[in-house]
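Asker: any chance you could fold what I've pasted below:
(2 chains)
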Amino acid sequence: MKIRIENINKTFNLPTGGPLRVLEDMNLAIEQGDFVIILGESGCGKSTLLSMLAGLLPPSSGRIRVDNKEVVGPHPSISTVFQQPSLLPWLNVEENIAFGCKIRGELDDLEYRVNEFIEMTGLSGFEKSHPSELSVGMACRVSLARALIGHPEIFLLDEPFASLDTFRRSRLQEELINIWLSEEFTVVFVTHDIDEAVLLGNKIVLLGGQPSRIMDVINIDSRYPRKTTDESSFHFKTRILKKFKKAFEENRGL
Amino acid sequence: MRFIRKYFLKHSKKLETASGKGAVCRVCYGILGTAILILLWALTGYVLFSRPGYEQFSGFLPIPTVKALYLLLLDIDFWGSVCASLRRVVVGILIAFLVGLPSGLLIGYYGKLRLATDAPIQFLRMVSPLAWMPIALLVFRTFESAICFLITMATVWPIILNTTVGVSHVNSQWINMARDQGAKDRHLIFRIILPSSMPYILTSLRLALGVAWIVLVPAEFLGVSSGLGYLINDARDTMEYDRLMAVVVSIGILGFVLDGIIQLIRERFKWTWVS
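Answerer: Model (predicted):
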């Protein structure tokens, strides 16, 4: 599925009464099968952009189209993994994963599919555990499985691994890449971690400025799996850092 | 204290665990507090009723009360009254719950409804439930229905207000997640808001039970011929003060037990705070 972001602006009304412009004049084309990284510093509006893509937040002006249809609310082909795992504490792992399928009425072979995703995400043996009994990494996996079980065509991830340690993060990054390579869906992944961006994405969108604009779009065509020590990773990382440094200096009027 | 603690530790294997010791402490302090209360009761009663001319009120003292309580517990009419009172409380709270729960859910969910209903609810909840008594007697044919109505009027407000608070405290990320997964309003209400508000709803039931139990006695002063309130009135009329105190004590014990049952159910839903 293709995504088109056309002239998006987003302004919030502050509790003090004044407007806060977060995103300005955003235009972006995301093609079927892309792994797009939205990269920017904390508070630059990355999550706002993702919420708009998910149909959970309307833009102040402009429009987002998915396969030529304007996004006006949550779309059945789009699934989101939020920054916090957002697991429902009264449901166990199995029930949390099956939550979306049940409310959408997709009950065919549900048990089989849930087991398949439990295995895929390495949660076997924890099917009946409740969220309070899971580690942060396991909760992340449950949230990934819940978003993936409906076979979304567009998969949105909002810094899903931010609260994990380096080891767990790199393991889940690998798993995510493997799933993406086998399922061929479109991914939009929000992060403020340049290493993560270079390891995962084939298209990196750099957000910056006040209000945020798209500073650059960098295409990375190196093969997976990538390492941070790869020459090309280092090259792209340096390029991204230079871009952010330049934008920072321009903002300060240097 | 030490003796009671030793006794419990000796007689209960379960209580020998670390958490068991905590439970023993709680029980010990509970017994200590109750003993102080009884002592205060005995002292106050002795000071008040040992004066010349007040001897006929000595039934209010603890020992005659305990004797009367023993006789009361053997009396089948007492248990009939307990059942009648419990039935009125259960019916009253049930009606309040059936009205209050959906109202609380809707008021909590829809902001405009919350704004529109805030003033009327605050106004109505400040009116003493007993103030409705004359209206209840006019509207309802039987005293039984009037008592249930009074209990409903007393308990519906804590249920509505607590449910509303529960709904407004629902984690917004759960709502976003559910909407993203394709949830409609009915899914949000029944699969997210209702379960996550459950601890608040059970707290509201606990509050409702406390209020209902308080309103019950004066409500049963109305023309009914059964119930704990009726028994108090009856004992006063026949000047059996020991029996009157025995009924008061039994009301306290029953309320304590009912509250304990609701507390146990609430424990089941502790997860909301854990998360």
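
Asker: how about the residue of chain B found nearest chain A, what does it touch?
Answerer: Residue of chain B nearest chain A, by CB to the nearest CB: residue B:181 (3.4 Å). Any C-beta I mention is one placed from the backbone N, CA and C, and that applies to glycine too. By CB atoms under 8 Å, 6 or more residues apart in numbering or on different chains, the residues touching residue B:181 are A:74, A:79, A:99-100, A:103-104, A:146, A:150.

Asker: which among these gets closest to chain B?
Answerer: residue A:100 (3.4 Å).

Asker: burial of the closest one, as a residue count?
Answerer: 22 (other CB atoms under 10 Å in any protein chain shown).

Asker: excluding residues flanking it in the chain, which one is nearest it?
Answerer: For residue A:100, ignoring the flanking residues on the chain, the nearest one in space by CB to CB, 6 or more residues apart in numbering or on different chains is residue B:181 at 3.4 Å.

Asker: mind listing which of the contacts of residue B:181 are in helices?
Answerer: Members of these lying in helices (criterion: DSSP state H): A:99-100, A:103-104, A:146.

Asker: please tell me how far the residue nearest to residue A:100 sits from residue A:185.
Answerer: Distance, residue B:181 to residue A:185, using CB to CB, to the nearest Å: 16 Å.

Asker: cool, residue A:37 as well?
Answerer: On the measure of CB to CB, residue A:37 and residue A:185 end up 15 Å apart.

Asker: so if I had to pick from the two, which one is more boxed in?
Answerer: residue A:37 (29 against 21).

Asker: pretty sure that one sits in a helix.
Answerer: No. Residue A:37: not assigned to a helix; according to DSSP: H, G, I helix; E, B strand; the rest coil it is strand.

Asker: okay, it: pLDDT?
Answerer: The model reports residue A:37 with a pLDDT of 95.

Asker: how about the contacts made by it?
Answerer: A:189-191, A:196-197, A:200-201, A:203-205.

Asker: with respect to chain B, which of the residues you listed is nearest?
Answerer: Nearest to chain B among the contacts of residue A:37, with distances taken as CB to the nearest CB, is residue A:190, at 14.4 Å.

Asker: burial count for the closest one?
Answerer: 26.

Asker: next: residue A:98.
Answerer: As a measure of burial, residue A:98 has 22 neighbours, counting by other CB under 10 Å.

Asker: re the thing from before, can you read off the pLDDT for the residue nearest to residue A:100?
Answerer: 92.

Asker: and residue A:15, by the same measure?
Answerer: 81.

Asker: for residue B:6, same thing?
Answerer: pLDDT at residue B:6 comes out at 57.

Asker: residue A:21 belongs to a strand?
Answerer: Yes. Counting by three-state DSSP, residue A:21 falls inside a strand.

Asker: that one touches residue A:11, doesn't it?
Answerer: Yes. Taking contacts as CB atoms under 8 Å, residue A:21 lies within contact range of residue A:11: 4.9 Å.

Asker: flag every residue of chain A that's near chain B.
Answerer: A:51, A:54, A:56, A:74, A:76, A:78-80, A:82, A:84, A:86, A:88-90, A:99-100, A:103-104, A:130-132, A:146, A:150 (CB under 8 Å from any CB of the partner chain).

Asker: just the ones of those in strands?
Answerer: Among these, the members falling in strands (DSSP state E) are A:78-80.

Asker: got any ranges where chain B has weak pLDDT?
Answerer: B:1-20, B:270-275 (pLDDT under 70).

Asker: what does it have sitting close to chain A?
Answerer: So chain B meets chain A at B:171, B:173-174, B:176-184, B:187, B:191-192, B:195-196, B:198, B:269, B:271-272, B:274-275 (CB under 8 Å from any CB).

Asker: now the buried members of these.
Answerer: B:171, B:174, B:176-183, B:187, B:191-192, B:195-196, B:198, B:269, B:271-272 (16 or more other CB atoms under 10 Å in any protein chain shown).

Asker: dump the residue contacts of the residue nearest to residue A:127 when sequence neighbours are not counted.
Answerer: Nearest residue to residue A:127, sequence neighbours excluded (CB to CB, 6+ apart): residue A:94, at 4.8 Å. The neighbours of residue A:94, taking CB under 8 Å, 6+ apart as the test, are A:114, A:118, A:127-128.

Asker: show only the entries of these found in helices.
Answerer: A:114, A:118.

Asker: quick one: buried ones out of the contacts of residue A:94?
Answerer: A:114, A:118.

Asker: so residue B:244 touches residue B:232, yeah?
Answerer: Yes. Contact criterion CB under 8 Å: residue B:244 and residue B:232 qualify, at 5.8 Å.

Asker: domains in chain B, by residue range?
Answerer: B:2-50, B:70-274 (automatic domain parsing).

Asker: pick the most deeply packed of those domains.
Answerer: domain B:70-274 (a mean of 18; mean count of other CB atoms under 10 Å in any protein chain shown).

Asker: pull the distance from that one to the chain's centre.
Answerer: Relative to the chain's own centre, domain B:70-274 is displaced by 7 Å; criterion: CA atoms, centre = their mean, to the nearest Å.

Asker: can you pull the phi and psi angles for residue A:226?
Answerer: phi -100, psi 160 (degrees, to the nearest 10).

Asker: check contacts around it.
Answerer: A:198-199, A:232-233.

Asker: greatest separation within those: which pair is it?
Answerer: Distances among those were taken as CB to CB; the most separated pair is A:199 and A:232, at 11.0 Å.

Asker: who has more neighbours out of these two?
Answerer: Neighbour tally, residue A:199 and residue A:232, criterion other CB under 10 Å: the higher count belongs to residue A:199, 24 against 14.

Asker: sticking with the more buried one, tell me its helix or strand.
Answerer: helix A:194-200 (DSSP states H and E).

Asker: now do that helix, average pLDDT.
Answerer: Rounded mean pLDDT across helix A:194-200 is 91.

Asker: buried residues of it, list them for me.
Answerer: Here helix A:194-200 shows A:194, A:196-200 as buried, counting by 16+ other CB under 10 Å.

Asker: I'd like the next helix or strand past that helix.
Answerer: Downstream of helix A:194-200 (by DSSP H and E), the next one is strand A:203-208.

Asker: quick revisit: ok, which of the domains of chain B comes nearest residue A:242?
Answerer: Judging the domains of chain B by CB to CB, what sits closest to residue A:242 is domain B:70-274, at 35.6 Å.

Asker: helices of the stretch 1-150 of chain A, residue ranges please.
Answerer: A:46-54, A:93-104, A:110-120, A:136-148 (DSSP state H, counting those that start in this stretch).

Asker: please tabulate those in a markdown table and include mean pLDDT as additional columns.
Answerer: Formatted as a markdown table, the helices of the stretch 1-150 of chain A follow (pLDDT from 0 to 100):
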| stretch | mean pLDDT |
| --- | --- |
| helix A:46-54 | 93 |
| helix A:93-104 | 94 |
| helix A:110-120 | 90 |
| helix A:136-148 | 90 |
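
Asker: closest one to residue B:216 among those helices?
Answerer: helix A:93-104 (40.7 Å).
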